[in-house]
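Student: Generate a structure from the sequence data that follows.
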Amino acid sequence: MKAFFAIVYELCLDGACVAKDDPLYETSYIGQAGRNASSPEEALEMRWTEHERGAKNNPREHGLKWALNKYGPDAFSKRVICFLKLASRCLEALEWMNAVEIEEIDCRGGIMRNIEPSAPVWQTFNLTIGGQGDASVRFKALQAEAERVWSRFQRELLSYIEEFGTAYVRNEYVSPSGYKLHQFIHNIRSKRTFLLGENAKERTDWLNTLPGWTWKGGAEGRRLTGAATSKRRNDPVQDAPRRAKKAETLKRKREEHWATLNEVELAEEKYRFERELKYTARKEAKRQAKARGEVPEPKKSPKRRTESQIRGYEKVKADLAALRATLVPKAQQNQLARLRQDGTVAKARQILGEAGRGDEVVEEKKPPLTRAEQLLRAYNKIKADLAALRATLFPKAQRHQVPRYRKDGTVAKAHQILRERSVDAGV
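Tutor: As a prediction, the model looks like this:
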């Protein structure tokens, strides 16, 4: 059970790493501390951690911080001289600690007078005679500081509840002002910080009235608050602020990423983003329908393509064939003879047939009798072989780029080049 411990302690330089002939061997430091802890030893460990951190972050050229940096923390032994166990911090405890600390420092030789003596000196590492001034003034200052800290915690927690609808704070959450709310809640759960004394019951009752509040953290806390969180997320009105904030963050990151892309990459990214928006909208509609208890309609069996859909599909295929015929260097057509011999063209036709796209290859006509018809047959065969090869070498996803190429005139340019080539061939 946590309680308030008022302790007076001693730190003695008598570790095994200190030579016994050192002039400062067995020199002590006397201090006082008041902490909410389970035992006086735990309160001393909390104060000792503060000493170590202070010596590292704010080194001095004399006193205890100087000794800690010179000899190291392992050179000191720790012990509690005397302590009081109370329900909460009070004025009498501060007065008692001041009196005992002053007496103990005086009994051990007083303040530090020489940091590098040639012979042992009867002194301590303390830089003052002890005590922390007028106990009543300090007690009022501590009370005012504690009230200020608790008031800020209440504001931050209420702001979090207003935004997320629950008092269960994730460990990774940091408020916009930089306040580590989860750390304060952890101290309340484990150490009962600010829950001892006159206001303990009032503050405990206030915490218990908060939605989603639990005295257990970790997996158990998530389990206990899971129902409330799920209910909030299924309510579009309560969950709107969280979703709006998330959407704003994603928009900012997306714009930063788009700023680093060139025109072609940007067009592809925007197309993917539009598809993701449609998918997200359908998913959100299903989620809201499920929250309202609506039964989703059974999936309908796919219908056969209409004539207009077939014509649109054939137009896309024609546009792709024209694009590929202009985007791939013309010199590659000379490789067709070798590719036909080693079976690559036949393999491409086989792949298209298995995928149900065999009709993409231009159908060959019967051998004509005229020279012009012979040239046309040869040219159509080259186009068919190139189309079969490119259909297997190029990603299928490129079909979705055809609408964009139609708008910027690339498709029209490709068809014009093919017509010019037909004229040059004498067809």
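
Student: count of neighbours near the closest residue to residue 122 other than its chain neighbours?
Tutor: Closest residue to residue 122 apart from its sequence neighbours, by Cβ to Cβ, 6 or more residues apart in numbering: residue 109 at 3.7 Å. C-beta: built from backbone N, CA, C; applies to glycine. Neighbours of residue 109 under the rule other Cβ atoms under 10 Å: 15.

Student: now residue 14
Tutor: Using other Cβ under 10 Å, residue 14 has 14 other residues around it.

Student: that's a strand at the residue nearest to residue 122, yeah?
Tutor: No: in this structure, residue 109 is coil, not part of a strand, as judged by DSSP: H, G, I helix; E, B strand; the rest coil.

Student: tell me the pLDDT at it?
Tutor: We have a pLDDT of 90 for residue 109.

Student: my read: it touches residue 124, true?
Tutor: Yes: the pair residue 109 / residue 124 is scored as a contact, 6.0 Å apart, by Cβ atoms under 8 Å.

Student: hmm, back to that, quick one, what contacts the residue nearest to residue 122?
Tutor: Contact analysis of residue 109 by Cβ atoms under 8 Å, 6 or more residues apart in numbering lists 121, 122, 123, 124.

Student: Roughly how far does the third one sit from residue 52?
Tutor: Residue 123 sits 22 Å away from residue 52 when distances are taken as Cβ to Cβ, to the nearest Å.

Student: repeat for the second one
Tutor: Using Cβ to Cβ, residue 122 is found at 27 Å from residue 52.

Student: higher neighbour count, these two?
Tutor: In this view residue 122 and residue 52 are compared by other Cβ under 10 Å, and residue 52 has more residues nearby, 14 against 9.

Student: what about the closest residue to that one other than its chain neighbours, neighbour count?
Tutor: In space, and not counting its chain neighbours, residue 52 is closest to residue 73: 5.5 Å by Cβ to Cβ, 6+ apart. Applying other Cβ under 10 Å, we find 16 residues neighbouring residue 73.

Student: now residue 47, nearest residue through space, not along the chain?
Tutor: Sequence neighbours aside, residue 33 is the residue nearest to residue 47 in space, at 4.1 Å (criterion: Cβ to Cβ, 6+ apart).

Student: tell me which element that neighbour falls in.
Tutor: Using DSSP states H and E, residue 33 maps to strand 28-37.

Student: Alpha carbons of that strand, as CSV, please.
Tutor: Extracted C-alpha coordinates of strand 28-37, given in CSV (Å, rounded to 0.1, in the frame of the first residue of the first chain):
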residue,chain,number,x,y,z
SER,A,28,29.0,11.4,3.8
TYR,A,29,26.2,13.4,2.3
ILE,A,30,23.0,14.0,4.3
GLY,A,31,19.7,14.6,2.5
GLN,A,32,16.0,14.6,3.0
ALA,A,33,13.1,13.5,0.7
GLY,A,34,9.3,13.1,0.8
ARG,A,35,7.9,10.5,-1.6
ASN,A,36,4.8,8.5,-2.2
ALA,A,37,6.2,4.9,-2.0
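
Student: What mean pLDDT does the helix or strand just after that strand get?
Tutor: The helix or strand immediately downstream of strand 28-37 is helix 40-57, counting by DSSP H and E. Taken as a whole, helix 40-57 carries a mean pLDDT of 92.

Student: Return the set of buried residues in helix 40-57.
Tutor: For helix 40-57, burial by neighbour count (16 or more other Cβ atoms under 10 Å) applies to 40, 41, 43, 44, 47, 48, 51, 55.

Student: What residues does the second one make contact with?
Tutor: Contacts for residue 41 were tallied using Cβ under 8 Å, 6+ apart; they are residue 80.

Student: who wins for most neighbours among the contacts of residue 109?
Tutor: residue 124 leads the contacts of residue 109 on contacts (other Cβ under 10 Å) with 25 neighbours.
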